[in-house]
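Undergrad: predicted model, plus sequence, below.
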Amino acid sequence: MSPKPSENGIEGDDEREEESEEDNSDEEEEEEEEPRLKYQRMGGSVPTLLQSDSGDAASCIAVSERMIALGTHSGSVHILDFLGNQVKEFIAHTAAVNDLCFDIEGEYIGSCSDDGSVVINSLFTEERLKFEYHRPMKAIALDPDYVRKASRRFVTGGLAGHLYYNVKKWIGYRDQVLHSGEGPIHSVKWRNSLIAWANDAGVKVYDAANDQRLTFIERPRGSPRPELLLPHLVWQDDNLLVIGWGTSIKIVSIRNNQNRGANVTYNHLQMSSLNKVDVVASFQTSYYISGIAPFGDSLVILAYIPVEEDGEKDFSSTVPSRQGNAQRPEVRVVTRNNDELSTDALPIHGFEHYKAKDYSLAHAPLSGSSYSGGQWAAVSEPLYYIVSPKDVVIAKPRDTEDHISWLLQHGWHEKALEAVETGQGQSELHEEVKLKYLDSLLVEHKYAEAASRCPKLLRGSASWERWVFHFAHLRQLPVLVPYIPTENPRLRDTAYEVALVALATNPSFHKDLLSIIRTWPRDIYSASPVISAIEPQLNTSSATDALKEALAELYVIDGQYEKAFSLYADLMKPDLFDFIDKHNLHDGIREKVAQLMMIDCKRAIPLFIQHRDIISSSDVVSQLMAAKTKCDYRHFLHLYLHSLFESNPHAGRDFHDMQVELYADYDPKMLLPFLRSSQHYTLEKAHEICVRRGLLKEQVFILGRMGNAKQALTVIINKLGDIEEAIEFVSNQHDDDLWEELIKQCMNKPEMVGVLLEHTVGNLDPLYIVNRVPNGLEIPRLRDRLVKIITDYRTETSLRHGCNDILKADCVNLLIKCYKEARRAIYLGNEEDESHNKSDKKDKASRPAKRSVSVRTMEVKSKSRCGARCCICFDPFSIQDVAIYAFFCCHAYHETCLSDSIISISRQTKPATRPSQGDLPYYSENGDNDDHDDDDDSVDDARVRCILCTTAAS
């Protein structure tokens, strides 16, 4: 069996191996993880607003679905579009802006500052509200429905430790303290009716719709002081609150409690029975959290990596460090189980001098983002804004083209192709990926994989021929052949012929060559060049069965059916006989007897017998005997000679001696019929074979044919022990001496004597056998057998007498019938008389219809050429053109003469009128009605009697 090609193609020279290769001693770089986000600095007006010489710096940011608000340390609020262009500017405060918040419609922006004021500005009107709290305010959250509701609610808090709930009433705006006494308020977020805020103790959630506090989440132990690293709150959806504080992240689920009325506690505090609060995820990080936002089912974390040797002093002051040893901030995408999906270090301007509190993170859209299967919905792709004092960086998920470009940059062409096959990205990028991927596989000697990719990469491309010859140049064309298209596009004939020759010259691909020849259309290439390339290999060691069969298929395509038949016969193809009949190749069977018999002897034998004029029986026998080492030639000889004998017993007479031995070995039951039918075998040889095989009945037959009947009888009696067969054998020989021998040999065997007595009737005299029985010999059932003999004898005698009586009666009846037939007349009339007689008979209703036995439509002249005369008028019949009555007594009369004679005789007995021609057949001498006893088929003419014979008799 030929070796199977390796996955990388076939072994052989490759010119690419001569090209320079990289040094194998270089260590492979660790596989780089692809980022999930891509980044760009916000342009527009931002670089101008935050330039170093301006002295201003960004402090916070808020994002709505319409625009962006950027707060600065100078107290200004800049309204920007998504490209960074300034739309509006509010000089809202005299100190640093600590927090910003849009309503859900993006029509109002609220800000709070260290100057103790809270300002709410309308973006599209001149409406402006300012509230003074006289202490630095650190957090603000507008009611999401601020623009829709007249209550104009918002919550705010700061260093005073009070969380103010401001509501517009009919007498004006009123503040309500929702919570106080646990330290400054560091962060507050409002979602639907739920308000979450963080103070020094932890995070609390309040339900504004039901005016109930829902839960409390304790501040993580070991977290930095809030004034050094703020806690971060973000609502992932209506029910999930994400808390990032220090190095701890918790995700809290708040949903309606189905078992209302039950008291549920969390962290040892009583919660409302209307809601159920669960911490669905919680984990620690190795970095400080400067911002957090949802990323589908995962999280985006703005991570600050502290310097280990500095420890707590990194957070000792909000003043930028002059040492310049801070690390780059990182954006990490993690799962809820803290499995990192990607990590990106950001090149923030001046990052060396910034602390964790100097960074902030905001995202948009705030709700409704759809992330499934690694892809964002087009209308809800999130944007993330990383803010540092002098820089704003926008992060957004990488799209398919980014992914493909990154894969190509890192040499991962296969992954890039998989991304292309999803049908996304620009068409130009698709073509680039396909070509680079295919070329990269060839460079890496992955020929088989490159070939398997070609149908997709080159689908419908006109460059197919170039790649075919390129594979051929690399001596790797066989791996590409199964994928070469035969249409759309159809290549030139030369490309297909080169491909087939490449398969034929490599034994490992001979089976593929056969498969390709069977599947490719025959009109796309010429078979002659391929045949010329294969024929020299037939007598070499590389000639496999698959190659021979492929060559036979090519012969068929080229119309060389005789050569194809020769190869098919050597390959023992089961459908060879159909091929012979289809192309009328019966002349070719002369040299392929053994092969045809081995393929299907049941079809080969009738073929040989039918075409004995092409191949004689001696040729068949000689070829089968010559193939004794390849097959069971004797069995094939037996089957062939047996069928030949059945079709023509004399056709294979020269091999009947051989056939005797073959029958004895393969079909002993058919030997005896063969011995009886054939006259062309040697009796002595046949007898010797039967003796050697122990075939007794055959021995008996051969001995009988040889004339040695007594020895045959001895075999029957002594070896077969079948007295009935012995009796039948002796009966067929008609030899009295043989009967005597049978009786003699049976006398000492009482049972055989009894059987012999039963079969003597008709053959021997039982009394003779009884007299020959020795005295005292006990014969089983002798009495019953004697009674049977007597009974059979009487029955035989009775049957003989009965048969004799029946024979005599039959003779008498037949003589009477013969006599009556001889008395009947034959009517010879012309056509007019006959028609006249028929019309007369139809008029007589009382007369039964009779079947005439006379000869019809015969003219008188044609019946009387011999010169016969009427026995009454002695005129020749040829004179008068009248009908004639002829009798078996050799008398003949004119109809008129016979009629007159009947009238004259009738007058002697009684007066009568002249009978008409119609009455003539009913005349009977002396009223003779003997014919009434005749058969039903008697006719009227049979009642007419010869006048001369009747007169003489009377």
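TA: Okay, I see it.

Undergrad: low-scoring stretches of the stretch 351-500 of the chain, by residue?
TA: 365-380, 423-428 (pLDDT under 70).

Undergrad: do the same with the stretch 201-350 of the chain
TA: Ranges of the stretch 201-350 of the chain meeting pLDDT under 70: 257-274, 308-324.

Undergrad: quick one: the strands in the stretch 651-800 of the chain?
TA: Counting by DSSP state E, counting those that start in this stretch, the stretch 651-800 of the chain has no strands at all.

Undergrad: could you list the low-pLDDT ranges of it?
TA: Applying pLDDT under 70 to the stretch 651-800 of the chain flags residues 724, 734-737, 747-748, 750-751, 753-755, 757-772, 774-778, 781-782.

Undergrad: mind doing that once more with 80?
TA: 707-710, 712-714, 716-793, 796 (pLDDT under 80).

Undergrad: and what of the stretch 51-200 of the chain?
TA: Using pLDDT under 80, the stretch 51-200 of the chain drops low at 52-55.

Undergrad: what ranges does it have for its strands?
TA: Here the stretch 51-200 of the chain has its strands, by DSSP E, counting those that start in this stretch, at 58-63, 68-72, 76-80, 86-91, 97-102, 108-113, 117-122, 128-132, 137-142, 154-158, 163-169, 172-179, 187-191, 194-198.

Undergrad: including distance to residue 334 and mean neighbour count, could those strands go into CSV?
TA: From N, CA and C alone the C-beta is placed, and that goes for glycine too. Formatted as CSV, the strands of the stretch 51-200 of the chain follow (distance: least, Cβ to Cβ, whole Å; neighbours: other Cβ atoms under 10 Å):
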stretch, distance to residue 334, mean neighbour count
strand 58-63, 22, 23
strand 68-72, 26, 26
strand 76-80, 29, 21
strand 86-91, 35, 15
strand 97-102, 25, 25
strand 108-113, 31, 27
strand 117-122, 35, 20
strand 128-132, 39, 14
strand 137-142, 25, 26
strand 154-158, 29, 28
strand 163-169, 30, 18
strand 172-179, 31, 14
strand 187-191, 21, 23
strand 194-198, 21, 24
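
Undergrad: between those, which one is nearest to residue 827?
TA: strand 187-191 (133.4 Å; Cβ to Cβ).

Undergrad: and the contacts of that closest one?
TA: Contacts of strand 187-191 with the rest of the structure, by Cβ atoms under 8 Å, 6 or more residues apart in numbering, involve 99, 101, 138-144, 155-157, 163, 195-198, 230-235, 238, 241.

Undergrad: so how far is that strand off the chain centroid?
TA: The chain centroid and the centroid of strand 187-191 are separated by 62 Å under Cα atoms, centre = their mean, to the nearest Å.

Undergrad: cool, and stretch 391-404?
TA: 47 Å.

Undergrad: mind listing what's buried in it?
TA: By 16 or more other Cβ atoms under 10 Å, the buried positions in stretch 391-404 come out as 391-400, 402-404.

Undergrad: CA atoms only for it - export them in PDB, please.
TA: C-alpha atoms of stretch 391-404 as PDB (Å, rounded to 0.1, in the frame of the first residue of the first chain):
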ATOM      1  CA  ASP A 391      -6.100  64.500  28.800                       C
ATOM      2  CA  VAL A 392      -9.300  62.900  27.700                       C
ATOM      3  CA  VAL A 393      -9.100  59.500  26.000                       C
ATOM      4  CA  ILE A 394     -12.000  57.800  24.200                       C
ATOM      5  CA  ALA A 395     -12.200  54.000  24.300                       C
ATOM      6  CA  LYS A 396     -14.600  51.900  22.300                       C
ATOM      7  CA  PRO A 397     -14.800  48.200  21.400                       C
ATOM      8  CA  ARG A 398     -12.700  47.100  18.500                       C
ATOM      9  CA  ASP A 399     -14.700  46.200  15.400                       C
ATOM     10  CA  THR A 400     -14.100  43.400  12.900                       C
ATOM     11  CA  GLU A 401     -11.700  45.400  10.800                       C
ATOM     12  CA  ASP A 402      -9.700  46.300  13.800                       C
ATOM     13  CA  HIS A 403      -9.600  42.700  14.800                       C
ATOM     14  CA  ILE A 404      -8.500  41.500  11.400                       C
END
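
Undergrad: pull the residues that contact it.
TA: Stretch 391-404 is contacted from outside by 34-42, 46, 50, 58, 61, 70, 84, 295, 300, 331, 346, 348-350, 376, 381-386, 406, 416, 419-420, 422, 424-426, 429, 433, using Cβ under 8 Å, 6+ apart.

Undergrad: sort out for me which of those residues are in helices.
TA: 46, 406, 416, 419, 420, 429, 433 (DSSP state H).

Undergrad: what about these, which one has the most neighbours?
TA: The residue in these with the most neighbours, by other Cβ atoms under 10 Å, is residue 416 (26 neighbours).

Undergrad: what sits against that one?
TA: Neighbouring residues of residue 416 by Cβ under 8 Å, 6+ apart: 404, 407, 408, 433, 436, 437.

Undergrad: kindly reformat the buried residues of stretch 391-404 as TSV containing secondary structure and distance to residue 202.
TA: Formatted as TSV, the buried residues of stretch 391-404 follow (DSSP: H, G, I helix; E, B strand; the rest coil; distance: Cβ to Cβ, whole Å):
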residue	secondary structure	distance to residue 202
391	strand	32
392	strand	31
393	strand	31
394	strand	33
395	strand	30
396	strand	33
397	strand	33
398	coil	37
399	coil	40
400	helix	43
402	helix	40
403	helix	41
404	helix	46
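
Undergrad: how about the residues you listed in a markdown table, adding distance to residue 186?
TA: Shown next, in a markdown table, are the buried residues of stretch 391-404 (distance: Cβ to Cβ, whole Å):
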| residue | distance to residue 186 |
| --- | --- |
| 391 | 24 |
| 392 | 23 |
| 393 | 24 |
| 394 | 26 |
| 395 | 25 |
| 396 | 28 |
| 397 | 30 |
| 398 | 33 |
| 399 | 36 |
| 400 | 40 |
| 402 | 37 |
| 403 | 38 |
| 404 | 43 |
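
Undergrad: any idea what the residue nearest to residue 234 when sequence neighbours are not counted is bridged to?
TA: Excluding its sequence neighbours, the residue lying closest to residue 234 (Cβ to Cβ, 6 or more residues apart in numbering) is residue 242, at 4.9 Å. Following DSSP bridges, residue 242 is listed with bridge partners residue 234, residue 251.

Undergrad: who's in contact with residue 242?
TA: By Cβ under 8 Å, 6+ apart, the contact list for residue 242 reads 233, 234, 235, 236, 249, 250, 251, 252, 292, 294, 299.

Undergrad: among the residues you listed, which one lies nearest to residue 444?
TA: Relative to residue 444, and with distances defined as Cβ to Cβ, the nearest of those is residue 299, at 38.6 Å.

Undergrad: what's the neighbour count on the closest one?
TA: Residue 299 has 24 nearby residues by other Cβ under 10 Å.

Undergrad: next one: residue 417
TA: 23.

Undergrad: and the one 5 residues further on, by the same measure?
TA: The number of residues packed near residue 422 is 11, by other Cβ under 10 Å.

Undergrad: hey, where'd the helices end up in the stretch 551-700 of the chain?
TA: 561-570, 576-583, 593-610, 617-626, 633-647, 656-666, 671-677, 683-693, 696-706 (DSSP state H, counting those that start in this stretch).

Undergrad: any chance of CSV for these, columns mean neighbour count and distance to residue 538?
TA: Formatted as CSV, the helices of the stretch 551-700 of the chain follow (neighbours: other Cβ atoms under 10 Å; distance: least, Cβ to Cβ, whole Å):
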stretch, mean neighbour count, distance to residue 538
helix 561-570, 20, 9
helix 576-583, 16, 19
helix 593-610, 19, 17
helix 617-626, 18, 22
helix 633-647, 19, 27
helix 656-666, 20, 36
helix 671-677, 17, 44
helix 683-693, 17, 45
helix 696-706, 20, 50
